[in-house]
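*Asks:* heads up, no residue letters with this:
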DNA sequence: TTATCATGTGAACAGATGCTCATATATTCA
DNA sequence: TGAATATATGAGCATCTGTTCACATGATAA
């Protein structure tokens, strides 16, 4: 068991077969950052949410457009947008009764570009 | 409804409030690629799998080391490694009874780097 | 062979997830 | 004010996920 549970540390493995452990120990990743990274990937790890992010990467769209685009209910889109909003991946502007959503994080586009490269290899 | 369900196409939204739809239509993303991208992000969207990938990014490790590292059973790690193997994100080499796992996709490191940047802003 | 260690696999279960439906809120217009 | 439109929210539910447990497989050494 690692002494410090907040830090990912490779020093306390039960069976150590080579010295790879000490080699990796220098690059510890705080537990909180690991969880935030996982949360980001999880948000992008749903086909419909990814479609939303992909669409918003080309320009702002309102909820009902996104719903027609994904062929799901506007309620479903709204639920997904709330999650993306809470993670600050998207934001919106109001124009009368209509909310236009847009990407709010420049990393999202970069992540999608790399993932697309990955699938095309 | 889009006529071609294999293609993400923005031309058939029910309510069109501006001309953003036509602007986005040029960048259609095939359904299959969208799903593969989502699968990649989903694989990285679990805290334990991300820890595995993070650890392997610093060098190869065997299953029991990873289990001690994550503080879960070796069976759990094995299940997760199978998923990562099937997605070809990791591969292994055998040294006697021990299997050493390593990253098998150069995009993974890039994705983790960007995600880490994201969490640190 | 037999014992042992490292890993893989299937079943089973608790918890998470994503959708729909019904309803609430908010804005605009008559 | 009341009606209509756009979006948000909560409940409920079927499905998916990640873990543990028990056991199987595969390699090594005695």
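*Replies:* That came in fine, so what should we check first? If you're wondering where the values come from, they're calculated on a predicted model, not measured in any experiment.

*Asks:* are stretch A:59-67 and chain B in contact anywhere?
*Replies:* Yes - Stretch A:59-67 lies within reach of chain B by CB under 8 Å from any CB of the partner chain, at A:59, A:60, A:61, A:62, A:64, A:65, A:67. C-beta: built from backbone N, CA, C; applies to glycine.

*Asks:* try stretch A:83-91
*Replies:* No - using CB under 8 Å from any CB, stretch A:83-91 never reaches chain B; the gap is at least 9.2 Å.

*Asks:* which parts of that stretch are buried?
*Replies:* Neighbour counts over stretch A:83-91 (16 or more other CB atoms under 10 Å in any protein chain shown) mark A:84, A:87, A:89, A:90, A:91 as buried.

*Asks:* where does the residue most central in space within chain A sit, in terms of helix or strand?
*Replies:* Residue closest to the average C-alpha location in chain A (CA atoms, centre = their mean): residue A:40, at 2.4 Å. Using DSSP states H and E, residue A:40 falls within helix A:31-44.

*Asks:* grab the two from the buried residues of stretch A:83-91 that are most spread out in space.
*Replies:* A:87 and A:91 (11.0 Å; CB to CB).

*Asks:* mind listing the helices for chain A?
*Replies:* If DSSP state H is used as the criterion, the helices of chain A fall at A:20-25, A:31-44, A:47-56, A:63-70, A:74-86, A:106-119.

*Asks:* residue contacts, the residue nearest to residue A:93 when sequence neighbours are not counted?
*Replies:* Spatial nearest neighbour of residue A:93, excluding adjacent residues (CB to CB, 6 or more residues apart in numbering or on different chains): residue A:100 at 5.3 Å. Contact analysis of residue A:100 by CB atoms under 8 Å, 6 or more residues apart in numbering or on different chains lists A:60, A:61, A:62, A:92, A:93, A:94.

*Asks:* and residue A:100, bridged to which residues?
*Replies:* Taking DSSP bridges, one obtains residue A:62, residue A:93 as the residues bridged to residue A:100.

*Asks:* picking up where we left off before, ok, of the contacts of residue A:100, which come out buried?
*Replies:* Among the contacts of residue A:100, those scoring as buried are A:60, A:61, A:62, A:92 (criterion: 16+ other CB under 10 Å).
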